[in-house]
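**Q** what follows is a predicted protein model with its sequence.
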Amino acid sequence: MTTPRLELRRLTRRFGSFTANDAIDLSIAPGEIHALLGENGAGKSTLVKMVYGVLRPDDGEILWEGAVAPPLDPSAARALGIGMVFQHFSLFEAMSVAENVALGLDHPGPMPALAERIRAVSTTYGLPLDPRREVHTLSVGERQRIEIVRCLLAEPRLLVMDEPTSVLTPSEVGTLFETLRRLADEGCSILYISHKLQEILALCETATVLRAGRVVARCDPRREDAAGLARLMMGEPRSGATEPHKAARAVAAPRGTPRLTLDGLDLPSRAPGEVALRSVSLKVRAGEILGIAGIAGNGQTELFAAVTGGRQATGASDVLIDERSCGHLGASARRALGLCSVPEERNGHAAVPNFSLADNAMLTAHRRGGLMRRGLLRRGAATDFANRAIADYNVRCGGPGALAATLSGGNLQKFIVGREIMQAPGVLVVAQPTWGVDVGAASVIHQALIALAGAGTAVLLISQDLDELLALCHLLAVLHAGMLSPVRPADALGVGEIGLLMGGVSNEADPGAAEAHAA
C-alpha cells in the first residue's frame, strides 16, 4: 500500500475541560482529495489548525510520509509542504495584495517578481488579482482569492482548504475544482472542508465525518447522496428541523408603502479598486425579501455601506427608510429609524472577537434592545438579551460571557443574526448570511429571515449563493459593475438568465430599475 502523505493517530486537543478533538485518526494518500465533514463546532477547524501547526495537540501524533513529524508551527508545516487556506482571512487591510502574499511566504523574493508570479498564477487558475490593490478595497470574494493564490504559490504537497468556496461564484467554483483535480493528478493531497454537500459529492473520493469532536464515520462520497452525508454529519434529524432550501418563502404583505427605497443612488469610488454605484433604484415593502445577486467585487460592499450608513449618499433622498430621507445620515441615525444589518464579515465587522457575547450584543442593540437607560449601559439586560439569542437561535457556546472568538463560525453567525432580528427592525440588510455555516445553522438562519419578513420587515438580502436567493427571495436583481438590473419576481428568473446578468450581458443602467415592481 502507498505510504500516506499525512496520517493522524489519536490526535487530541482540549481547551480547559472541553475536548475539541478526541483521539482522531485520519489518513490521506498522495493525490487524494479527502473531505472533512461535520457541523459547526464538530472540531474540523481545530483539527486542521493542528495539522498546520497553529495549535499543538495535547495527545496523539502526526506522521508525514511515514515518519513522525516534529512539533509543528506554520513555518515548519510549510517547510514540509503543507499549505493552508483558512476560512477566516489573515490579511492586513492597509497593505496591498502583493505585500500580504509576501508575508505568507518564507522566501517571497523581490516584490516586482512576486507581483508577476501573482498575476501569472491567478490568471492560470481563473482567480484574477491585481497585486497593487489594497486589501481594504476588495470584496470578501476577492480576499478569498488572495488566500488561495498565496497558498498555490508555495507549491504545496498537502493543501488544506477550509470552506474555500463560501464566497465564490459558481463559475469560480468550477475553475477552482479544475485546479484542485489537476493538482491531485500531479500528486498533491487535498484535505477539503465544506458545508456544501454537493461540492463534496462532485469533488471528493474519501470523507471523514466528525461529530462533537470524534470520528463517527468514513465513507466514499461518490457512493452517497447529499441526504446521506447530512445524516452522517448531524445524526437523526431533530424534531421539527427543516431541510435547507426547502422552506417556503414568507408570504408577502399586501402591496403598500415601501419600507426601504433607493432612488437613483449614486456613490462615487474613493480609491482605486472601489466600485462606483450608478443610479441604483429599488423598493422593498413590508413582508418582502429582495435579493441582490452578483459576482464578488461588483459593488456589493459599496451597496451595503450606502444602505446601512457606512457611507453617505450624494443626496439625502437617495435612501429612504419608511419614506424618511436618510441618505445624509450615519449608521446610528439609520438604526434609530428602524434599520438593522448583518455585514458579510462577522469577525471584526459584525462582532469584536475579544468581546463577550453580552458585550457584542451591546454594540448594536444598546438602544433598540433596551440595553441602555439614561445613557448608562445595563449589564444585566445585556446578559439576558444574549441569553435569549443563544437559546432562540441554538448557539452552541459557553454562555453570554463566552468570547466571540471562541465560537465556531456558524454559531457566531447565528448569534449575530439573532442579535439583529431580536431588535424587531423595520428594515434588515443582510450580506452573505450563511457564509461558511453548516446545513443546520443555514436552516436556522433562513427560517429566521422568513419569519421576520412574515412579521412585516422589509429584508434586503445580498448573497452570492443562488440557491439561497432563489429559495428565500420574492424579488431579485443582479448587481454588475455598480449597476443594478431591473428588479423582477424571483420565480420569473432562471439560473441561466441570472448567470448572464452576473456576467454583464443585457445589464444596462436603468434608473427606473424597480419601477415595474413599484407599479
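**A** Structure's in. What do you need?

**Q** alpha carbons only for contacts and neighbour counts from here, please
**A** OK.

**Q** walk me through the domains of this structure.
**A** 6-234, 243-338+426-519, 348-424 (automatic domain parsing).

**Q** tabulate those (TSV), appending mean neighbour count.
**A** Listed next are the domains of the chain as TSV, based on neighbours: other CA atoms under 10 Å:
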stretch	mean neighbour count
domain 6-234	19
domain 243-338+426-519	20
domain 348-424	19
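
**Q** how about those in JSON lines, adding mean pLDDT?
**A** Formatted as JSON lines, the domains of the chain follow (pLDDT from 0 to 100):
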{"stretch": "domain 6-234", "mean pLDDT": "88"}
{"stretch": "domain 243-338+426-519", "mean pLDDT": "83"}
{"stretch": "domain 348-424", "mean pLDDT": "91"}
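
**Q** isn't His136 right next to Glu93, touching?
**A** Yes: His136 is in contact with Glu93 according to CA atoms under 8 Å; the separation is 4.6 Å.

**Q** what's the distance between Leu371 and Ala453?
**A** 24 Å (CA to CA, to the nearest Å).

**Q** sorry, slip of the keys, the one I care about is Arg368.
**A** 18 Å.

**Q** also Ile146?
**A** Distance from Ile146 to Ala453, by CA to CA: 36 Å.

**Q** hang on, Glu99 in a strand?
**A** No: assigned with DSSP: H, G, I helix; E, B strand; the rest coil, Glu99 falls outside any strand and is helix.

**Q** please enumerate the strands of the stretch 51-200 of the chain.
**A** 59-64, 67-68, 82-85, 158-162, 189-193 (DSSP state E, counting those that start in this stretch).

**Q** would you check that Val280 makes contact with Ile292?
**A** No: using CA under 8 Å as the test, Val280 is too far from Ile292 to be in contact (11.7 Å).

**Q** about what we covered before: right, and the strands of the stretch 51-200 of the chain - which one's nearest Pro30?
**A** strand 189-193 (5.1 Å; CA to CA).

**Q** ok, now how distant is the spatially most central residue of the chain from Ser463?
**A** Central residue of the chain (CA atoms, centre = their mean): Trp435, 2.5 Å from the mean position. Per CA to CA, Trp435 is found 9 Å from Ser463.

**Q** ditto for Phe355
**A** With CA to CA as the criterion, Phe355 and Ser463 are 27 Å apart.

**Q** next: Leu80.
**A** Distance of Leu80 to Ser463, given as CA to CA: 38 Å.

**Q** Ala276 too?
**A** Per CA to CA, Ala276 is found 19 Å from Ser463.

**Q** what's the answer for Cys219, then?
**A** For Cys219, the distance to Ser463 (CA to CA) stands at 32 Å.

**Q** what do you get for Arg346?
**A** Relative to Ser463, Arg346 is positioned 14 Å away (CA to CA).

**Q** what about Leu460, is that helix, strand or coil?
**A** With three-state DSSP as the criterion, Leu460 reads strand.

**Q** beta partners for it?
**A** Counting by DSSP bridges, Leu460 is bridged to Leu290, Val429.

**Q** so it sits right up against Pro433, yeah?
**A** No: checked against CA under 8 Å, the pair Leu460 and Pro433 is beyond contact range at 11.2 Å.

**Q** distance from the chain centre to stretch 115-128, please.
**A** 23 Å (CA atoms, centre = their mean, to the nearest Å).

**Q** residues contacting it, please?
**A** With CA atoms under 8 Å, 6 or more residues apart in numbering as the test, stretch 115-128 has contacts from 98, 129-131, 145, 149-150, 152-153, 172, 175-176, 179.

**Q** for it, output the C-alpha coordinates as CSV.
**A** C-alpha atoms of stretch 115-128 as CSV (Å, rounded to 0.1, in the frame of the first residue of the first chain):
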residue,chain,number,x,y,z
ALA,A,115,3.8,40.6,-8.4
GLU,A,116,4.4,38.9,-11.8
ARG,A,117,4.1,35.5,-10.2
ILE,A,118,0.8,36.5,-8.6
ARG,A,119,-0.6,37.7,-11.9
ALA,A,120,0.5,34.5,-13.6
VAL,A,121,-0.8,32.1,-11.0
SER,A,122,-4.1,34.0,-10.5
THR,A,123,-4.7,34.1,-14.3
THR,A,124,-3.8,30.4,-14.7
TYR,A,125,-6.2,29.4,-12.0
GLY,A,126,-9.0,31.8,-13.0
LEU,A,127,-8.8,33.8,-9.8
PRO,A,128,-7.8,37.2,-11.1
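
**Q** all helices of the stretch 351-500 of the chain, in order?
**A** Secondary structure of the stretch 351-500 of the chain (DSSP state H, counting those that start in this stretch): helices at 357-365, 379-392, 409-421, 439-454, 466-472, 495-502.

**Q** for Ile24, find the nearest of those.
**A** Using CA to CA, those put helix 409-421 closest to Ile24, at 21.4 Å.

**Q** how far away from the center of its chain is the closest one?
**A** On CA atoms, centre = their mean, the centre of helix 409-421 falls 12 Å from that of its chain.

**Q** quick one: Leu428 from Ala442, how far?
**A** Distance from Leu428 to Ala442, counting by CA to CA: 17 Å.

**Q** and Ala79, by the same measure?
**A** 37 Å.

**Q** in its sheet, what does the one helix or strand Leu282 maps to sit against?
**A** Element membership of Leu282, judged by DSSP states H and E, is strand 277-285. Here strand 277-285 is paired, per DSSP bridges, with strand 258-267 (antiparallel).

**Q** can you name the residues in contact with the partner strand?
**A** Contacts for strand 258-267 (CA under 8 Å, 6+ apart): 276-286, 302, 306, 313-315, 317-323, 426-427, 458, 511-512.

**Q** next one: it to chain centre, how far?
**A** On CA atoms, centre = their mean, the centre of strand 258-267 falls 26 Å from the chain's centre.

**Q** again, but for stretch 128-142
**A** Relative to the chain's own centre, stretch 128-142 is displaced by 17 Å; criterion: CA atoms, centre = their mean.
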